[in-house]
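K.L.:
sequence and predicted structure, then a few things I'm wondering about:
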Amino acid sequence: MSERLVQAARLLAEAAQLLAAEQAATEQAPAPPQTVFTVASLAELLGRSRSSIRDMARDGRLLGHKLGRSWLFPSGALDQLFASVQDRAGPTIAHQRDPRLPQRRRRASAPSGAPADLSAWRKVRP
């Protein structure tokens, strides 16, 4: 009977070791890879110059890490940039015209069926 107790104790010890190893493996699971942008790729993506991307990184408007002479930007930097731009811009109103700009002249439209008055059109020299 004591042999069976020793064998059961060994099995329990092995099970505890396996469980501990499995828990350690799940806790240290590698993080998913993060997309990283270079200055050139981010400039192309945003439609800006490389120098403006570097300036934004130096000013702190864009989260980046300088490694030697190169800048690297995690994908979270774009989320931060877009959020800060949206916060500064506030809610957008469609078709809101700047009152400082001159008003556009509207074309005079003729009522339907009536001939159009072309006297207001500008004549171009040949």
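P.N.:
Okay, I see it.

K.L.:
the top strand by length along the chain packs against which elements?
P.N.:
Ranked by residue count and defined by DSSP state E, the top strand of the chain is strand 70-74. Contacts defined by 3 or more CB pairs under 8 Å, 6 or more residues apart in numbering; DSSP states H and E place strand 70-74 against strand 36-38, helix 39-46, helix 50-59, strand 65-67. C-beta coordinates here come from the backbone N, C-alpha and C atoms, glycine included.

K.L.:
how about these in JSON lines, adding mean neighbour count and mean pLDDT?
P.N.:
Shown next, in JSON lines, are the helices and strands packed on strand 70-74 (neighbours: other CB atoms under 10 Å; pLDDT from 0 to 100):
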{"stretch": "strand 36-38", "mean neighbour count": "16", "mean pLDDT": "89"}
{"stretch": "helix 39-46", "mean neighbour count": "15", "mean pLDDT": "90"}
{"stretch": "helix 50-59", "mean neighbour count": "15", "mean pLDDT": "91"}
{"stretch": "strand 65-67", "mean neighbour count": "10", "mean pLDDT": "88"}
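
K.L.:
looking at those, spot the one closest to Gln23.
P.N.:
Evaluated over these, closeness to Gln23 peaks at strand 36-38, with 30.9 Å, by CB to CB.

K.L.:
report all helices and strands that the closest one contacts.
P.N.:
The elements that strand 36-38 packs onto, with contact taken as 3+ CB pairs under 8 Å, 6+ apart, are strand 70-74, helix 75-89.

K.L.:
recalculate using a threshold of 7 Å.
P.N.:
Packing contacts for strand 36-38, counted by 3 or more CB pairs under 7 Å, 6 or more residues apart in numbering; DSSP states H and E, involve strand 70-74.

K.L.:
can you list the strands that the strand it packs on pairs with?
P.N.:
Here strand 70-74 has these sheet partners by DSSP bridges: strand 36-38 (antiparallel), strand 65-67 (antiparallel).

K.L.:
state the mean pLDDT of it.
P.N.:
In this model, strand 70-74 has a mean pLDDT of 89.

K.L.:
that'll do, ta.
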